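Asks: coordinates only, sequence not included:
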């Protein structure tokens, strides 16, 4: 019964960590990562369409992303979308493909990015703790209705705290890994 009661809260915590990882994927370290384009959409036949659905994205070299659209008429649209984004990189359009050349990160930019990574991690930890609080409140209500005993409530609270600690430690580990990745020259 305890695991059934905890399941929705554990799923919410897992989704929080998954959301953090998808955020981290869009933060670029020294290498070119195609995921930096994940949040950029192209106005394609009147519909905002993710870049990865209008062309082939490859990484031919460590600091270059190449976008080869399936329809050459979208080259200008892709270029416009990248310029309008907060990527901060000017696309090179040669008429067939678009190349994004990522400059080496400066020391200051690396420090800025690590601060951003840590801030996102802290926000995720706050979200995890809020889920823990919601779980505890829900369990206390169930106990008040006499659906579970005080001992079961105590057991649920202990398990919830252990689960919270596990996810917070996981977030800390992922944050450290991303920071090391960014600071690696």
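Replies: The structure has been received and is ready for your questions. Nothing here was measured: the structure is a model prediction, and the numbers come from that model. Numbers count the residues shown, from 1 in each chain.

Asks: and residue 53, how many neighbours does it have?
Replies: For residue 53, the count of nearby residues is 10 (other Cβ atoms under 10 Å). Backbone N, C-alpha and C define where each C-beta goes, glycine included.

Asks: my bad, residue 94
Replies: So residue 94, with other Cβ under 10 Å, has 8 neighbours.

Asks: and stretch 129-136, what's buried?
Replies: For stretch 129-136, the buried set under the neighbour-count rule, 16 or more other Cβ atoms under 10 Å, comprises 131-132, 135-136.

Asks: format those as TSV; extra columns: secondary structure and distance to residue 49.
Replies: Converted to TSV, these look like this (DSSP: H, G, I helix; E, B strand; the rest coil; distance: Cβ to Cβ, whole Å):
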residue	secondary structure	distance to residue 49
131	helix	33
132	helix	39
135	helix	39
136	helix	43
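
Asks: now tabulate those residues in TSV and tack on pLDDT and distance to residue 64.
Replies: Listed next are the buried residues of stretch 129-136 as TSV, based on pLDDT from 0 to 100; distance: Cβ to Cβ, whole Å:
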residue	pLDDT	distance to residue 64
131	94	40
132	95	44
135	92	46
136	93	50
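
Asks: farthest pair in those?
Replies: 131 and 136 (9.8 Å; Cβ to Cβ).

Asks: strands of the protein, start to end?
Replies: Shown for the chain, the strands assigned by DSSP state E span residues 41-44, 47-50, 55-61, 64-69, 92-93, 98-101.
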